[in-house]
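> From the sequence below, what's the structure:
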Amino acid sequence: MLSAAVIIIAIRSRWDLSHRLWFWITISIVVGLHVPLVLLTEWPQKGYAGYALWLPAVLDFAVVYGLIKVAERIVQSNVSGSFPK
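Model (predicted):
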């Protein structure tokens, strides 16, 4: 559930790109990578306090947001004809 919330927050933070096909392809890849990670990981049966999940959520957001930025740079460099910096 936390991974889904993080992905939704990342999508909302870059909603200005929602009309771009590459954005949705990137989100699909991110979701495709999250599904096996969440389903194949053995999770302990005990619950965690919200503050214990804060750091993994922030790191997950950074990775998802970073992947969106990387995809954006690649697409922009292809349009302008130069290699991304």
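
> what residue is smack in the middle of the chain?
Per Cα atoms, centre = their mean, the C-alpha nearest to the average position across the chain is that of Val64, at 2.3 Å.

> by contact count, what packs against the helix or strand harbouring that residue?
Assigned by DSSP states H and E, Val64 belongs to helix 54-80. Judged by 3 or more Cβ pairs under 8 Å, 6 or more residues apart in numbering; DSSP states H and E, helix 54-80 is in contact with helix 2-13, helix 21-40. Where C-beta positions appear, they are placed from N, C-alpha and C, glycine not excepted.

> Comparing those, which comes out most buried?
Comparing these by mean neighbour count (mean count of other Cβ atoms under 10 Å), helix 2-13 comes out on top with a mean of 15.

> chain center to it, what's the gap?
7 Å (Cα atoms, centre = their mean, to the nearest Å).

> that older thread, how distant is the helix holding Val64 from the center of its chain?
Counting by Cα atoms, centre = their mean, helix 54-80 comes out at 7 Å from the chain centroid.
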